[in-house]
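In: Okay, predicted coordinates and the sequence, questions at the end:
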Amino acid sequence: MLVPEFALRILWFAIIPILPATFMLSPAIWRGVCPMATLNILLNGRCSQRILRARFMTQVGAAGIILLALMVPARRFLFNENALALAITIVAICITAMVLGAFFDLKSGFCNAICPVLPVERLYGQRPLVDVANPRCDSCTLCTNKACIDLVPERSLLIAMGPGRNRKSWFLTAYGIFSAAFPGFAVGYFLTTDGPLNTIGTVYLTVIGWSFVSWLLVAVIVKILRLRPETVVPVLGAAAVLIYYWFSAPAIVAEFVLHPLVGTTIRIASFSLVGIWLWKKYADARGTARFHTMEARTN
């Protein structure tokens with residue numbers, strides 16, 4: 001990279017901070033421009049045209065979550081300061097996306113399977129606030145026959161939980177664990193600091209510890225109140241977004257030497273966005289429930 005320090009600053013403090021908000025507006029915004037998605041469909045089915053069947057959803061979903069859990073904390077001891085390591089990792093992921101694209105139909109091998117960003121897209125994209133055209137899937141081939149976020153963003157995460165979402169212990173499914181732990185994951189990450197490679201143990205222990213506390217707290221509340229994922233998961237997504245912007249706002253201000261009011265504005269804007277998002281999500285849920293109730297009475 002010709003200007004590694006500048007590239008890292010733009011990536012981590014300008015591009016990445018925009019993504020959570022765009023996911024809430026609509027995950028289709030990022031999925032429509034993501035360079036890895038472009039590479040994933042570049043060799044579309046050249047070697048085979050397998051689709052992602054529902055019986056593999058749990059395994060591939062867990063793989064994407066594990067990749068996310070490994071890569072995000074690695075920013076602290078590797079990616080935030082080492083542009084070469086980041087570039088090599090990005091290239092490796094791009095090659096993986098291309099290879100999987102050659103053996104699977106459209107997005108079924110990477111974008112809708114093991115992409116480490118997909119779990120976050122599903123969590124934050126539960127109620128898109130705007131309708132965005134999907135240029136990559138103008139002709140749907142059902143490459144992913146369940147939980148496709150491009151087809152059903154509102155239900156993608158719940159469907160990805162599999163049959164376990166209908167049980168009282170839904171928080172033990174892969175996506176249930178992810179949803180419950182992610183607010184704590186965000187807190188743990190921001191409570192660590194950038195450091196050398198030998199801080200790897202401290203970073204992962206901190207992030208894992210806070211993730212476990214978050215998951216345990218959610219599990220206890222869900223068990224006591226017998227809450228379903230439809231009720232809890234939107235709150236967890238909202239909490240994770242607010243935690244992210246609460247901590248990242250001052251970091252952005254400090255990195256670009258901005259006025260402190262910029263950080264306050266980012267925090268206020270994030271609360272406003274999340275408030276509208278939650279209101280829309282639960283308003284839709286109430287409307288759907290009333291519709292089904294009326295339909296049942298007329299039948």
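Out: Structure's in. What do you need? Quantities reported herein were computed from a predicted structural model and do not represent experimental measurements. Numbers count the residues shown, from 1 in each chain.

In: pretty sure L129 is touching P27, no?
Out: No - using CB atoms under 8 Å, L129 is not in contact with P27, being 11.1 Å away. For every residue, glycine as well, the C-beta is placed using N, CA and C.

In: who has more neighbours, these two?
Out: Neighbour count, other CB atoms under 10 Å: between L129 and P27, P27 has more, with 27 against 14.

In: Do a quick rundown of the helices in this protein.
Out: Per DSSP state H, the chain carries helices over the ranges 4-10, 16-25, 27-33, 35-42, 57-71, 74, 83-103, 118-124, 156-160, 174-190, 200-225, 229-256, 260-298.

In: CSV please, covering those and showing mean pLDDT and distance to K146.
Out: Formatted as CSV, these follow (pLDDT from 0 to 100; distance: least, CB to CB, whole Å):
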stretch, mean pLDDT, distance to K146
helix 4-10, 81, 37
helix 16-25, 96, 21
helix 27-33, 93, 17
helix 35-42, 92, 19
helix 57-71, 94, 6
helix 74, 97, 31
helix 83-103, 94, 18
helix 118-124, 97, 13
helix 156-160, 94, 6
helix 174-190, 98, 13
helix 200-225, 97, 24
helix 229-256, 96, 16
helix 260-298, 79, 20
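
In: what's near enough to touch the closest residue to L8 other than its chain neighbours?
Out: If the residues on either side of it in the chain are set aside, L8 comes closest to A83, at 5.6 Å by CB to CB, 6 or more residues apart in numbering. Applying CB atoms under 8 Å, 6 or more residues apart in numbering to A83 gives the contacts M1, P4, E5, A7, L8.

In: likewise L123?
Out: L157, F178, S179, F182, V233, L236, G237, A240.

In: hang on, the earlier thing: would you reformat the helices of the chain as TSV and include distance to S48?
Out: TSV is the format used below for the helices of the chain (distance: least, CB to CB, whole Å):
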stretch	distance to S48
helix 4-10	36
helix 16-25	31
helix 27-33	23
helix 35-42	14
helix 57-71	16
helix 74	32
helix 83-103	5
helix 118-124	22
helix 156-160	24
helix 174-190	26
helix 200-225	37
helix 229-256	34
helix 260-298	38
